[in-house]
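Visitor: for reference, the sequence and a predicted model appear below.
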Amino acid sequence: MSDCLFCKICAGEIPSAKVYEDELVYAFRDIAPQAPTHILVIPKNHIPSVDGITAENSAVVAHIFEVIPAIAAAENLTGGYRVVSNCGADAGQTVPHLHFHILGGETLNPKMA
Ligand code: 5GP
Ligand code: ZN
């Protein structure tokens with residue numbers, strides 16, 4: 001998607017603080033962190049949101065959930081962390097490219113909504 005912010009970040013057209021990259025996945029620091037550690041993990045292929053996950057493209061989601069614990073370990077999130085994906089307007093999704101927030105580095109708010 002040529003006009004997608006996160007596709008442009010994946011492609012290196014917009015700079016980002018890269019945390020991890022492989023052939024399927026890109027991870028980078030959120031520009032407006034909501035916790036001491038706030039990382040976004042995205043598939044390199046454009047999927048708009050959780051609603052866009054299908055049997056055909058879900059392998060990358062499984063891969064993302066293999067990568068997330070490795071990133072958490074590398075970031076020393078030994079006390080735990082939260083993984084969040086906002087889907088659609090009611091959840092406050094602002095970038096329509098599937099992404100998983102990793103939040104940690106402090107005791108997080110026990111309320112999620
Ligand atoms: P959402 O609100 O869609 O769940 O999450 C989008 C996230 O992307 C927000 O936490 C926001 O701070 C982050 N974000 C938006 N634009 C940029 C950007 O240009 N660079 C980086 N690194 N993060 C961004
Ligand atoms: Zn995209």
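Guide: Good, I have the coordinates. Numbers count the residues shown, from 1 in each chain. Ligands and ions are numbered 1, 2, ... in the order given.
Visitor: so what's the closest residue to E21 other than its chain neighbours scoring on pLDDT?
Guide: Once flanking residues are discounted, E21 sits nearest to A27: 7.1 Å by Cβ to Cβ, 6 or more residues apart in numbering. Just so you know, the C-beta spots here come from the backbone N, C-alpha and C atoms, and that holds for glycine as well. Looking at A27, its pLDDT reads 98.
Visitor: tell me which element A27 falls in.
Guide: For A27, the host element (DSSP states H and E) is strand 25-29.
Visitor: and if you look at I39?
Guide: Going by DSSP H and E, I39 is part of strand 37-43.
Visitor: what do you get for V19?
Guide: Using DSSP H and E, V19 falls in strand 18-21.
Visitor: ok, that strand: who's next to it in the sheet?
Guide: In its sheet, strand 18-21 lies beside strand 25-29 (antiparallel), with partners assigned from DSSP bridges.
Visitor: buried residues, the partner strand. List them.
Guide: Within strand 25-29, the residues that qualify as buried by neighbour count (16 or more other Cβ atoms under 10 Å) are V25, Y26, A27, F28.
Visitor: could you do stretch 70-78 as well?
Guide: So, applying 16+ other Cβ under 10 Å, buried residues of stretch 70-78: I71, A72, E75, L77.
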